[in-house]
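S.K.: starting from these lines, generate the structure:
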Amino acid sequence: MTSGTASVGTMTKARSTGSARSRRLGTAGRPNTVSCRGCTGISGPEKPAAALLARMNCAQPEVSDAPTTARLRGAKNSRSRSGLTLTRLLTVGILVSIRTMTAKPVPVPTPETQPFWDGCAAGELRIQRCAECTEAFFYPRPVCPACGSVHVEWFTASGQATLYSYVINHRPAPGFEDDGPYAIAVVQLAEGPRMMTSLAGVASTPEELILDIPLRVTFERRGDVFLPVFTPAAAPSGAPRGAGR
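M.R.: All right, here's what the predicted structure looks like:
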């Protein structure tokens with residue numbers, strides 16, 4: 001009796017261990033339906049990898065209704081009704097991620113910033129000032145930061161500035177891998193406001209980036225918008241851009 005009880009206990013323990021292992025690796029031989037409902041929820045006894053792929057491929061109403069044969073450590077992939085394998089879905093997701101990471105971000109104009117971007121497209125640096133206290137300011141906003149007045153207006157700045165501060169970035173942000181090292185600068189406009197920007201036409205080294213050097217604005221196209229960047233004021237208009245960006 002003792003031996004039989006021990007055998008039954010051993011079998012129960014083995015069964016329990018096997019069940020836990022199935023939960024970790026994905027249960028074999030059972031349907032593993034993973035439905036994407038507008039990326040709001042995943043239904044069915046899915047394994048984590050399949051749930052992730054369902055979110056990545058939300059255009060497909062069902063990722064798979066076949067028994068799960070994929071494992072965390074290398075079994076064959078099950079095919080979905082659409083004919084896409086889990087491997088192919090994962091590959092598509094990786095390619096999309098790489099494409100997203102390698103593209104430089106493009107600013108999206110808002111109603112408050114649209115006049116600024118319109119000016120950049122026209123080759124003008126447009127900023128705001130208060131109609132009451134005459135304080136110029138940047139970034140765009142509907143209220144004067146100096147006196148609180150809502151009577152603000154746009155005007156075209158001179159485009160002249162000086163280098164106020166900078167940092168040389170040796171670990172490029174996604175999309176800027178080919179540009180590093182590059183300088184992220186804060187310039188002080190002749191009208192008073194400071195602006196974070198990038199530099200062109202000058203090497204990104206401490207020897208070249210001397211504080212208070214005179215700068216002038218120029219514009220760089222990225223996607224559908226033009227970004228203001230600053231270059232040394234002494235540089236000729238057609239000078240090639242240096243390592244800064």
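S.K.: give me the sheet partners of the helix or strand hosting residue 162 and which way each runs.
M.R.: Assigned by DSSP states H and E, residue 162 belongs to strand 160-169. Applying DSSP bridges, strand 160-169 is found paired with strand 182-189 (antiparallel), strand 214-222 (antiparallel).
S.K.: mind listing the helices for this protein?
M.R.: 2-25, 48-56, 86-102, 114-121 (DSSP state H).
S.K.: any weak-confidence spans in the chain?
M.R.: By pLDDT under 70, the weakly predicted segments of the chain are 1-102, 235-245.
S.K.: just give me the neighbour total for the residue lying closest to residue 193 once chain neighbours are set aside.
M.R.: Once flanking residues are discounted, residue 193 sits nearest to residue 138: 4.0 Å by C-beta to C-beta, 6 or more residues apart in numbering. To be clear about C-beta, it is placed using only N, CA and C from the backbone, and glycine gets the same treatment. Residue 138 sits with 20 neighbouring residues when counted by other C-beta atoms under 10 Å.
S.K.: can you name the residues that contact residue 181?
M.R.: Contacts of residue 181 were listed using C-beta atoms under 8 Å, 6 or more residues apart in numbering, and they are 168, 169, 170, 172, 204, 243.
S.K.: ignore what I typed, I meant residue 208.
M.R.: So residue 208 contacts residue 202 (C-beta under 8 Å, 6+ apart).
S.K.: that one and residue 232: what is the separation?
M.R.: 9 Å (C-beta to C-beta, to the nearest Å).
S.K.: before we move on, what about residue 188?
M.R.: 15 Å.
S.K.: identify the residue nearest residue 231 in space, chain neighbours excluded?
M.R.: residue 201 (3.8 Å).
S.K.: can you tell me how far that neighbour is from residue 115?
M.R.: With C-beta to C-beta as the criterion, residue 201 and residue 115 are 27 Å apart.
S.K.: and those two? which has more neighbours close in?
M.R.: residue 201 (21 against 15).
S.K.: check which residues of the strand holding residue 162 are buried.
M.R.: 160, 161, 163, 164, 166, 169 (16 or more other C-beta atoms under 10 Å).
S.K.: what of stretch 220-236?
M.R.: Here stretch 220-236 shows 225, 226, 227, 228, 229, 230, 231, 232, 235 as buried, counting by 16+ other C-beta under 10 Å.
S.K.: got the CA coordinates for the strand holding residue 162 in CSV?
M.R.: Only the C-alpha atoms of strand 160-169 are listed here, as CSV (Å, rounded to 0.1, in the frame of the first residue of the first chain):
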residue,chain,number,x,y,z
GLN,A,160,21.0,86.2,-35.7
ALA,A,161,22.0,84.4,-32.6
THR,A,162,25.0,83.5,-30.4
LEU,A,163,25.9,80.1,-29.0
TYR,A,164,24.7,80.0,-25.4
SER,A,165,25.4,76.3,-24.5
TYR,A,166,25.8,72.9,-26.1
VAL,A,167,26.5,69.2,-25.5
ILE,A,168,28.3,66.8,-27.9
ASN,A,169,26.3,63.6,-28.2
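S.K.: who's in contact with it?
M.R.: 180-190, 194-195, 199, 204-206, 209-217, 230, 233.
S.K.: can we see that at 7 Å?
M.R.: 180-190, 194, 204, 209, 211-216, 230, 233 (C-beta atoms under 7 Å, 6 or more residues apart in numbering).
S.K.: sorry, back to before: just name the most buried of the strands paired with strand 160-169.
M.R.: strand 182-189 (a mean of 20; mean count of other C-beta atoms under 10 Å).
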